[in-house]
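Asks: structure here, sequence nowhere to be found:
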């Protein structure tokens with residue numbers, strides 16, 4: 001943005017880098033939770049054109065989501081006995097099951113989807 005000092009540009013660049021890193025780290029599990037790819041990508045597009053206050057808001061939202069909802073999905077997905085193959089069997093071959101792990105994952109994924117959607121709802125009400 002014109003009129004920014006070198007320090008402000010550096011801070012903005014660092015914030016954008018943190019957003020991109022968190023966004024990339026969270027991608028696979030967030031998409032698997034049911035967040036649409038287009039909506040997922042929308043959060044981190046055109047970062048260079050965004051106002052620093054908006055960038056801070058995006059960063060704070062992702063940071064909070066990564067520490068809470070995404071972390072819960074991540075912990076459940078990475079339970080010691082649950083390999084990707086076991087999850088594949090639980091989620092596809094056995095259909096809609098009552099396995100405890102599957103219930104936990106569904107609840108956690110729903111919370112992650114809701115948190116992701118909340119950012120866009122909050123944005124519309126401003």
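Replies: Looks like it arrived, so ask away. Quick caveat: nothing in here was measured; it's all calculated off a predicted structure.
Asks: any idea how far residue 112 lies from residue 27?
Replies: Note on residue 112: its distance to residue 27, by C-beta to C-beta, to the nearest Å, is 12 Å. From N, CA and C alone the C-beta is placed, and that goes for glycine too.
Asks: in terms of neighbours, single out the busier of the two.
Replies: residue 112 (25 against 15; other C-beta atoms under 10 Å).
Asks: which strands and helices sit next to the host helix or strand of the more buried one?
Replies: Using DSSP states H and E, residue 112 sits in helix 100-125. Helix 100-125 is packed against helix 6-32, helix 37-42, helix 52-67, helix 69-77, with contacts defined by 3 or more C-beta pairs under 8 Å, 6 or more residues apart in numbering; DSSP states H and E.
Asks: for the first one, the distance to its chain's centre please.
Replies: A distance of 11 Å separates the centroid of the chain from that of helix 6-32, by C-alpha atoms, centre = their mean, to the nearest Å.
Asks: now the last one
Replies: Its chain's C-alpha centre and that of helix 69-77 lie 11 Å apart, by C-alpha atoms, centre = their mean.
Asks: buried ones in it, by neighbour count?
Replies: Residues 69, 70, 72, 73, 74, 76, 77 are the ones in helix 69-77 that count as buried (16 or more other C-beta atoms under 10 Å).
Asks: mutual contacts of residue 112 and residue 27, please.
Replies: With C-beta atoms under 8 Å, 6 or more residues apart in numbering applied, the contact sets of residue 112 and residue 27 do not overlap.
Asks: of all the helices and strands packed on helix 100-125, which one is nearest residue 118?
Replies: helix 52-67 (8.1 Å; C-beta to C-beta).
Asks: alright, calling it a day.
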